[in-house]
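Asker: fold the following and give me the result.
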Amino acid sequence: MSEKIQRITTPIVDRKRHRKAPKGRRVDSDVWIHLQHLLGEEPKSADQLIEYLHVIQDHMGYLPVEYLTALAKEMGLPQTHVYEVATFYHHFDVVKESDTAPPALTVRVCDGLSCEMAGSIELLKKIPKLLGPHIRVIPAPCVGRCDHAPVAVVGQVPVHQATEKTIQATVDAGRFVDEHTQFLSLDDYKKNGGYALLNACINNQHTRNDIITCLEQSGLRGLGGAGFPLGRKWRIVSLEPAPRLMAVNIDEGEPGTFKDRVLLERDPHRFLEGMLIAAWAIGISKIYIYLRDEYHGCRVMLDKQIKLLKRNPPMADMPEIILRRGAGAYICGEESAMIESIEGKRGMPRLRPPFVAQVGLFGRPTLEHNFESLFWIREIIEKGADWFSSHGKNNRKGLRTFSVSGRVNQPGIKLAPAGITIQELIDEHCGGILEGHRFYAYLPGGASGGILPATLNNIPLDFDTLQAYGCFIGSAAVVVLSDQDSVSNAARNLMNFFKNESCGQCTPCRVGTAKAHALISKPSWDLPLLSELSQVMRDASICGLGQAAPNAVDCVVKYFPQELKKSGA
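Answerer: Residues are numbered from 1 along each chain as shown. Below you'll find the predicted structure:
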């Protein structure tokens, strides 16, 4: 057949939907222009994200979601990244289009253990009605002023021994920005020999090895909680390839701890000189100082003192010093979580290895230190390793700065020999127990360090002396309880803190703290289940938060069975 075959063709239809605009929220051009005005014209880097969120929060009083959208565009970051960082930190108030913005003024009432013992829960019940609906009143975790419990913070202004009357008076005064002016100035510090040791180091009167060896022989250990030998850390980091960085942790979020704040308020340049000596000895090219957001007055003061040093450097080629502001996250006291936060991310601990000394800030070897560790450098080197190690009690060596709060006559920071017992600390340094109270229990190392009964009042307080009792000294935050307090209630307070502060990265901590809090909030405790839960949290949590969170509960079960019998557990 000669008929022509005609092919049937199906037209190709492009079924792919083409977007008219990129995914995500649209950027409001007016908001973007305003944001650019707020942030200035300097180049934007991803590690400054949290700083820029603070700029917006400080200016607006909250974080409108349209500003987060504009910020993502301005910084070239995914909107999801900006949003997840902003919602991770407690001090950022993200407000969506359909939400109501918070009142212009916020009053935070500390509900940490020391403040709860001093009556902060009653304040939280009364203050909202007193101040009215146009002022927000919210509970806050420990604000680092436990020696003045109970504490409220009006805007940025702390109110010590807070009452309804003093809080109302602070609100009426209308001044909501904190300032700190009573400290040893740069000029006065120099008159007392300040920065002479740094100059001696630079002028080859000391070698780097001499300095590191002195610290090794002194026995000084890291005073943020982990207690790693300081001289050994310096030597390890000094052997890593350049460029090397330094990260200083002044987040100090452990409930009961306030020593770093007090020392910083008194003598900032002693810390700064110790920091620069460390930078010289290790060959540090850049220093980041991470200061907790609750210390508003300290931040303004420290920023001014750093600028003074930059204008008149005490050493040639002084490393760049960058002050970073926390945003209300206890987990950032953990060294790798702090580094994540400095890099502009959520403060989530890293898996190790690699360790921070090898791969830290921005992937570089990093010397990470607590504030107080650096505060001691000048005095130990000037007086010698033997001077420091000659102090101590009960076969322990060195000195410790204890933050003491609770049922004592004279709370505050106490410089005492390492190895002092709790009874000696109370009697010799704190003026004894409050009148009408009887010593009942104590926390030797803040919220994480467990709880011991007063009958165990002769244990030396130092690194490695408390582990056998299920406790540790940590940052040396001592909270003293009396017969008018309940240890089981204290454990509930502490577990509630850990539940709220868990970063959520690992299931044993995220779920374990919530489950443990639910279990101990019941009249009768399920002891077998609590024991099993505690073991899982210790074995499987990524960082020290989840691993140490069960300590207080385990101590109640071990040392205070009489309280559980009363409740029917």
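Asker: how close does residue 395 sit to residue 33?
Answerer: Distance, residue 395 to residue 33, by Cβ to Cβ, to the nearest Å: 67 Å. For glycine as for every other residue, the C-beta is placed from the backbone atoms N, C-alpha and C.
Asker: ah, wrong one, I meant residue 439
Answerer: 62 Å.
Asker: with residue 195 instead?
Answerer: 45 Å.
Asker: the two - which one has more neighbours?
Answerer: Ranked by neighbour count (other Cβ atoms under 10 Å), residue 195 and residue 33 place residue 195 first, with 20 against 11.
Asker: nearest residue to that one other than its sequence neighbours?
Answerer: Spatially, and ignoring its direct neighbours in sequence, residue 195 is nearest to residue 314 (4.5 Å; Cβ to Cβ, 6 or more residues apart in numbering).
Asker: for residue 39, same thing?
Answerer: In space, and not counting its chain neighbours, residue 39 is closest to residue 52: 5.8 Å by Cβ to Cβ, 6+ apart.
Asker: how about the host helix or strand of the one you found: buried residues?
Answerer: Per DSSP states H and E: residue 52 is located in helix 49-60. By 16 or more other Cβ atoms under 10 Å, the buried positions in helix 49-60 come out as 49-57.
Asker: then stretch 462-469?
Answerer: 462-463, 465-466, 469.
Asker: stretch 107-116 now?
Answerer: Those would be 107-116, for stretch 107-116 by 16+ other Cβ under 10 Å.
Asker: same thing with stretch 371-379?
Answerer: Residues 371-378 are the ones in stretch 371-379 that count as buried (16+ other Cβ under 10 Å).
Asker: same check, this time on stretch 310-329
Answerer: Neighbour-count burial for stretch 310-329, counted by 16+ other Cβ under 10 Å, picks out 314-315, 319, 321, 323-329.
Asker: go on, stretch 344-357?
Answerer: Quick answer for stretch 344-357 (16+ other Cβ under 10 Å): 344-350, 356-357.
Asker: residues contacting the spatially most central residue of the chain?
Answerer: When Cα atoms, centre = their mean is applied to the chain, the residue found nearest the centroid is residue 251 (3.0 Å). In this structure, residue 251 makes contact with 290-292, 326, 330, 332-333, 338, judged by Cβ atoms under 8 Å, 6 or more residues apart in numbering.
Asker: check residue 452 too.
Answerer: So residue 452 contacts 422, 441-444, 459, 466, 469, 471, 555, 559 (Cβ under 8 Å, 6+ apart).
Asker: separation between it and residue 117?
Answerer: Separation of residue 452 from residue 117 (Cβ to Cβ): 17 Å.
Asker: can you report how many residues neighbour residue 338?
Answerer: 27.
Asker: meant to ask about residue 481, not that
Answerer: Burial of residue 481 is recorded as 24 neighbouring residues (other Cβ under 10 Å).
Asker: thought it was touching residue 422?
Answerer: No. Using Cβ atoms under 8 Å, residue 481 is not in contact with residue 422, being 11.2 Å away.
Asker: which neighbours do those two share?
Answerer: Residues within reach of residue 481 and of residue 422 at once, by Cβ under 8 Å, 6+ apart, are residue 442.
Asker: one step back: with pLDDT and distance to residue 132 added, can I get the contacts of residue 452 in a markdown table?
Answerer: A markdown table is the format used below for these (pLDDT from 0 to 100; distance: Cβ to Cβ, whole Å):
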| residue | pLDDT | distance to residue 132 |
| --- | --- | --- |
| 422 | 98 | 44 |
| 441 | 98 | 39 |
| 442 | 98 | 40 |
| 443 | 98 | 37 |
| 444 | 97 | 42 |
| 459 | 97 | 49 |
| 466 | 96 | 47 |
| 469 | 96 | 49 |
| 471 | 97 | 44 |
| 555 | 98 | 42 |
| 559 | 97 | 45 |
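Asker: can you find the helix or strand in the protein with the smallest mean pLDDT?
Answerer: None of the helices or strands of the chain scores lower by mean pLDDT, DSSP states H and E than helix 561-567, at a mean of 83.
Asker: alpha carbons of that one, in CSV - could you do that?
Answerer: Extracted C-alpha coordinates of helix 561-567, given in CSV (Å, rounded to 0.1, in the frame of the first residue of the first chain):
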residue,chain,number,x,y,z
PRO,A,561,15.3,9.4,102.4
GLN,A,562,13.3,11.0,105.3
GLU,A,563,11.9,13.6,102.9
LEU,A,564,10.7,10.9,100.5
LYS,A,565,9.1,8.9,103.3
LYS,A,566,7.1,12.0,104.2
SER,A,567,5.9,12.3,100.7
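Asker: what packs against that helix?
Answerer: On a contact count with 3 or more Cβ pairs under 8 Å, 6 or more residues apart in numbering; DSSP states H and E, helix 561-567 meets helix 487-501, helix 551-559.
Asker: could you export the first one as PDB, CA atoms only?
Answerer: Same thing as helix 487-501. Taking only C-alpha atoms (Å, rounded to 0.1, in the frame of the first residue of the first chain), the coordinates of helix 487-501 have been written out as PDB:
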ATOM      1  CA  VAL A 487      15.900  19.400  99.600                       C
ATOM      2  CA  SER A 488      13.300  17.700  97.400                       C
ATOM      3  CA  ASN A 489      11.900  21.100  96.500                       C
ATOM      4  CA  ALA A 490      15.400  22.300  95.700                       C
ATOM      5  CA  ALA A 491      15.800  19.300  93.400                       C
ATOM      6  CA  ARG A 492      12.600  20.200  91.600                       C
ATOM      7  CA  ASN A 493      13.800  23.800  91.200                       C
ATOM      8  CA  LEU A 494      17.100  22.600  89.700                       C
ATOM      9  CA  MET A 495      15.600  20.000  87.400                       C
ATOM     10  CA  ASN A 496      13.100  22.600  86.100                       C
ATOM     11  CA  PHE A 497      16.100  24.800  85.300                       C
ATOM     12  CA  PHE A 498      17.800  22.000  83.400                       C
ATOM     13  CA  LYS A 499      14.600  21.100  81.500                       C
ATOM     14  CA  ASN A 500      14.300  24.700  80.400                       C
ATOM     15  CA  GLU A 501      18.000  25.100  79.500                       C
END
